[in-house]
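Asker: Okay, predicted coordinates and the sequence, questions at the end:
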2 protein chains.
Amino acid sequence: MISISIIGSGNIAHHLITAIQQSVAYGVDIELVQVYSRNKSSLLNSISSDKIITDFNDFNYADLYIIAVSDGIIAEIATALPFENRFVVHTSGSVPMNALADKNRKGVFYPLQTFSKTKAIDFSNVPICLESETEDDYNLLHQVASLLSQSIYSVSSEQRKGIHVSAVFVSNFVNHLYQIGHDICKQHNLPFAILKPLIQETAQKILYLTPKEAQTGPAKRHDTTTINTHLQFLTETNHKDIYTLLTKSIIDHEQKL
Amino acid sequence: MISISIIGSGNIAHHLITAIQQSVAYGVDIELVQVYSRNKSSLLNSISSDKIITDFNDFNYADLYIIAVSDGIIAEIATALPFENRFVVHTSGSVPMNALADKNRKGVFYPLQTFSKTKAIDFSNVPICLESETEDDYNLLHQVASLLSQSIYSVSSEQRKGIHVSAVFVSNFVNHLYQIGHDICKQHNLPFAILKPLIQETAQKILYLTPKEAQTGPAKRHDTTTINTHLQFLTETNHKDIYTLLTKSIIDHEQKL
């Protein structure tokens, strides 16, 4: 039986609480002991009231404490925990493991996914990136992760930084390109829905083809006529600049290979 | 019974030939009469040999001729067709309807999807954008389109330009961001597979949320600490420039709303 307590009430905390409670233990048992939040009400939809604490001094022993809070306050929370020599991990893609306080054993449990409160996630497909100081602690994290997901990676703090930057490109920036498509459609009285099958297919292609094999479009074809027509058509400076820069980057990438 | 002939042997021609042959006629019948290609061998996997022609003079009558060739040669092909007063359409997102020769009735049949020869497409989900000079011709195009797809739009040449530019953003440029994620992962000895669930989820979120609701990440949070860490971490100039510009565009977009 591995006992777990969670600190936080944001998106990741909520999804973790749900996933742990839904997880069916195969061979190893798992127990959610307590969840800390500054205000109890933010968690009442996710977990029974008696497991919620609002004071660090109410923490019971757990084998694993998962700090699932904003990057900026992870170090402060780790320092404020009123116990020592226990196993404390955070869930951030961008904070090094060593940002955690030295008084406890350190680790990272980083689920690589975009979480919204309003949309359920099938945790079994979420890659979980693990890091710890010792092999024993790694094995414990691996046991917990394998109850939640089929996809587990051992990832150093430096590699995790690479994943986090990559995630900004393939998720946050990609979503902004969806936003631009949305805005151009709106400007021309077209429903954004017209682009959705293309968006889905573009994402699905990448499951079977490399990005290089999947690349199409005027930049890839060096079709300067279409590129210039598009640039003249665009009215917003940011849209023009993004079109120009990404076209250049696609052409540069082709020539590098 | 609507008779159709196709000119071309590229990706769109192949997918159209396959879709027309697979389509089950509901109420209206459809027939693929002939397909023109400069060389017969490029089509032999898609259609029986006796329907392939390599000389424009061998064209029989059809109710609809679909020119599915590269943008740059659509006008030339339309001019070279050895008949008049028939209905001729092209399949391009970026070429105006009026680029077609005046001697025939003009129209556009633009399937909005990314086509690769190596990946099958479920045509029933592909939005088809239609344009014609007369209502009768529009009705004919609509009958054909409705046999292939559930998603049909009436779209002017000007609107189609907007769709085509949007498609470059949400597909070609998005794929290039996948490429950048791929390259950063490779640089740090990480498998690209680790990003695939995030890529799929980012695309699927857009089915339920607006791009604005779905936007997350350091730019959205105005998290300058993370933004600066990422910029210092990136080594390629194009990656740094894209990161800077898309971050600026996300922040500008937030402030506009």
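Answerer: Received it, and whenever you're ready, just let me know what you need.
Asker: where do the strands sit along the stretch 101-250 of chain A?
Answerer: According to DSSP state E, counting those that start in this stretch, the stretch 101-250 of chain A carries its strands in the segments A:105-111, A:128-132, A:152-154.
Asker: where does the residue in chain A sticking out farthest from the centre land on pLDDT?
Answerer: Using Cα atoms, centre = their mean, the residue of chain A lying farthest from its centre is residue A:225. It sits 39.3 Å away. On pLDDT, residue A:225 comes in at 91.
Asker: go on, residue A:29?
Answerer: pLDDT at residue A:29 comes out at 80.
Asker: Then residue A:1?
Answerer: Residue A:1 is given a pLDDT of 86.
Asker: Distance check, it against chain B.
Answerer: For residue A:1, the distance to chain B equals 29 Å [Cβ to the nearest Cβ, to the nearest Å]. Heads up, the C-betas are built off the backbone N, CA and C, glycines and all.
Asker: Identify the residue spatially nearest to that residue, adjacent ones excluded.
Answerer: residue A:29 (4.3 Å; Cβ to Cβ, 6 or more residues apart in numbering or on different chains).
Asker: about what we covered before: rebuild the strands of the stretch 101-250 of chain A as TSV, extending it with mean neighbour count.
Answerer: Shown next, in TSV, are those (neighbours: other Cβ atoms under 10 Å in any protein chain shown):
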stretch	mean neighbour count
strand A:105-111	23
strand A:128-132	23
strand A:152-154	16
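Asker: can you pull the contacts of residue A:130?
Answerer: By Cβ atoms under 8 Å, 6 or more residues apart in numbering or on different chains, residue A:130 lies in contact with A:107, A:108, A:109, A:110, A:138, A:141, A:142, A:145, A:152, A:153, A:154, A:155.
Asker: follow-up on the earlier one: any chance of the strands of the stretch 101-250 of chain A in TSV, with mean pLDDT too?
Answerer: Converted to TSV, these look like this (pLDDT from 0 to 100):
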stretch	mean pLDDT
strand A:105-111	98
strand A:128-132	98
strand A:152-154	97
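Asker: Just read off the phi/psi values of residue A:85.
Answerer: phi 60, psi 20 (degrees, to the nearest 10).
Asker: which one is it nearest to, not counting chain neighbours?
Answerer: Excluding the flanking residues, the one nearest residue A:85 by Cβ to Cβ, 6+ apart is residue A:104, at 6.5 Å.
Asker: cool, residue A:203 as well?
Answerer: Using Cβ to Cβ, 6+ apart, the nearest residue to residue A:203 is residue B:203, at 3.5 Å.
Asker: Would you mind stating the distance between that neighbour and residue A:231?
Answerer: In this view, residue B:203 and residue A:231 are 26 Å apart by Cβ to Cβ, to the nearest Å.
Asker: next one: residue A:118
Answerer: Distance from residue A:118 to residue A:231, by Cβ to Cβ: 37 Å.
Asker: mind listing the helices for the stretch 101-250 of chain A?
Answerer: Counting by DSSP state H, counting those that start in this stretch, one finds helices in the stretch 101-250 of chain A at the ranges A:135-148, A:157-167, A:174-187, A:196-205, A:211-214, A:224-233, A:237-256.
Asker: Can you lay out those as TSV showing distance to residue B:33?
Answerer: Output for the helices of the stretch 101-250 of chain A, formatted as TSV (distance: least, Cβ to Cβ, whole Å):
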stretch	distance to residue B:33
helix A:135-148	57
helix A:157-167	50
helix A:174-187	36
helix A:196-205	29
helix A:211-214	34
helix A:224-233	31
helix A:237-256	39
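Asker: Any idea which of those helices gets closest to residue B:187?
Answerer: Residue B:187 lies closest to helix A:157-167 among the helices of the stretch 101-250 of chain A, at 6.9 Å (Cβ to Cβ).
Asker: Is there proximity between the closest one and chain B?
Answerer: Yes. Judged by Cβ under 8 Å from any Cβ of the partner chain, helix A:157-167 comes into contact with chain B at A:158, A:159, A:161, A:162, A:163, A:164, A:165, A:166, A:167.
Asker: who's in contact with that helix?
Answerer: A:93-94, A:96-98, A:108, A:110, A:112, A:114, A:129, A:131, A:155, B:180-181, B:184-185, B:187-190, B:194-195, B:198, B:229-230, B:233-234, B:243.
Asker: From these, list the buried ones, please.
Answerer: A:93-94, A:96-97, A:108, A:110, A:112, A:114, A:129, A:131, A:155, B:180-181, B:184-185, B:188, B:190, B:194-195, B:198, B:229-230, B:233-234, B:243 (16 or more other Cβ atoms under 10 Å in any protein chain shown).
Asker: for chain A, what helix or strand is lowest in average pLDDT?
Answerer: The element with the least model confidence among the helices and strands of chain A, by mean pLDDT, DSSP states H and E, is helix A:11-22, at a mean of 88.
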